[in-house]
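J.: fold the following for me, if possible:
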Amino acid sequence: MADPMSQFKVHKIVDLPDFTIPGLGVVDMAFTNSTLAMTLAAAGIAVFFGLATAKASVVPSRLQMVGEAAFNYIDNLTTSIIGAEGRTFFPFVFTLFLFILSMNVLGLFLVFTATSQLAVTATLAAMTILLVLVIGFVRNGHNMYKLFVPAGVPWYMLILVTPIEFISFLLRPVTLALRLFGNMLGGHVALKVFAGFVVSLGALAAEGGLGLLGIPGAMLSLGGVVALTALEFLVAFLQAFVFAVLACVYLNDVVNLGHHH
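T.: Numbers count the residues shown, from 1 in each chain. Now for the predicted structure:
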């Protein structure tokens, strides 16, 4: 059986000159299979919406209907969680959702899944939390401390609650990154393992004799692959949706901080 972890290895496609950043050191600028997967995801989004809006009409085409449905879905999500000001952050949340969804779905057709790399999910999580911090300090200034001081908590409990709230805030990018990374990694490993069983048992059955007993096992494994593939499509959407929801929740915490106290 092939190594189920081999599908996550990053390989160089085009080796480019290294780039040195003062204070950080040398950065490998090679174009890899991970870069290719992310580029295809971004290009796919651009092409899809380019086609969907090319001939926009009152009676929408199928592509236009899908594009408008995605637009309205995330627009409703941001406004329902953040409020009227949610539309200010709609472009970021919409782009985040589509980019993650595209990488997840493309990973089911390509050999490589970009969101199975912790570096990719950690970068997206860091961007989200950085935006939350910038918006929080711009809007609230020194009152950002209220984020860690829940309203209505007795003063003697704040000694315990405030550090917990602060640590919880620091762990937000970690949980964002690990949730997406873990789900995509685990699902693809399971698919690879079941697919390996199909090939191995099928090869055993091809030898004849007692090897024919491998046919039922191969059929069961094939059924598992089909079921897991369907589940992975659902997970691909759900993980993009959860990431977008949590981004909205974290933004809501700092946008409406004054309303919570």
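J.: need the three-state assignment for the nearest residue to Ala41 once chain neighbours are set aside.
T.: Nearest non-adjacent residue to Ala41, counting by CB to CB, 6 or more residues apart in numbering: Ser102, 3.7 Å away. From N, CA and C alone the C-beta is placed, and that goes for glycine too. Three-state call for Ser102 (DSSP: H, G, I helix; E, B strand; the rest coil): helix.
J.: do you know the pLDDT at Val225?
T.: Note on Val225: pLDDT of 84.
J.: wait, doesn't it sit right on Gly196?
T.: No - counting by CB atoms under 8 Å, Val225 does not reach Gly196; the two are 9.9 Å apart.
J.: pick out whichever of those two has more residues nearby.
T.: Comparing Val225 with Gly196 by neighbour count (other CB atoms under 10 Å), the higher total belongs to Val225, at 19 against 16.
J.: any idea how far the more buried one lies from Phe233?
T.: 13 Å (CB to CB, to the nearest Å).
J.: doesn't Phe99 lie inside a helix?
T.: Yes - counting by three-state DSSP, Phe99 falls inside a helix.
J.: excluding chain neighbours, what is closest to it?
T.: Phe99's closest residue in space is Ala41 (CB to CB, 6+ apart), at 6.1 Å.
J.: which ones are touching the one you found?
T.: Phe99, Ser102, Met103, Leu106, Ala114 (CB atoms under 8 Å, 6 or more residues apart in numbering).
J.: which one of these is nearest Val47?
T.: Relative to Val47, the closest of the contacts of Ala41 is Ser102; by CB to CB it sits at 10.8 Å.
J.: residues contacting that closest one?
T.: Ala41, Ala42, Gly44, Ile45.
J.: and these as JSON lines, adding pLDDT and distance to Tyr250?
T.: Formatted as JSON lines, the contacts of Ser102 follow (pLDDT from 0 to 100; distance: CB to CB, whole Å):
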{"residue": "Ala41", "pLDDT": "94", "distance to Tyr250": "23"}
{"residue": "Ala42", "pLDDT": "94", "distance to Tyr250": "24"}
{"residue": "Gly44", "pLDDT": "93", "distance to Tyr250": "27"}
{"residue": "Ile45", "pLDDT": "94", "distance to Tyr250": "23"}
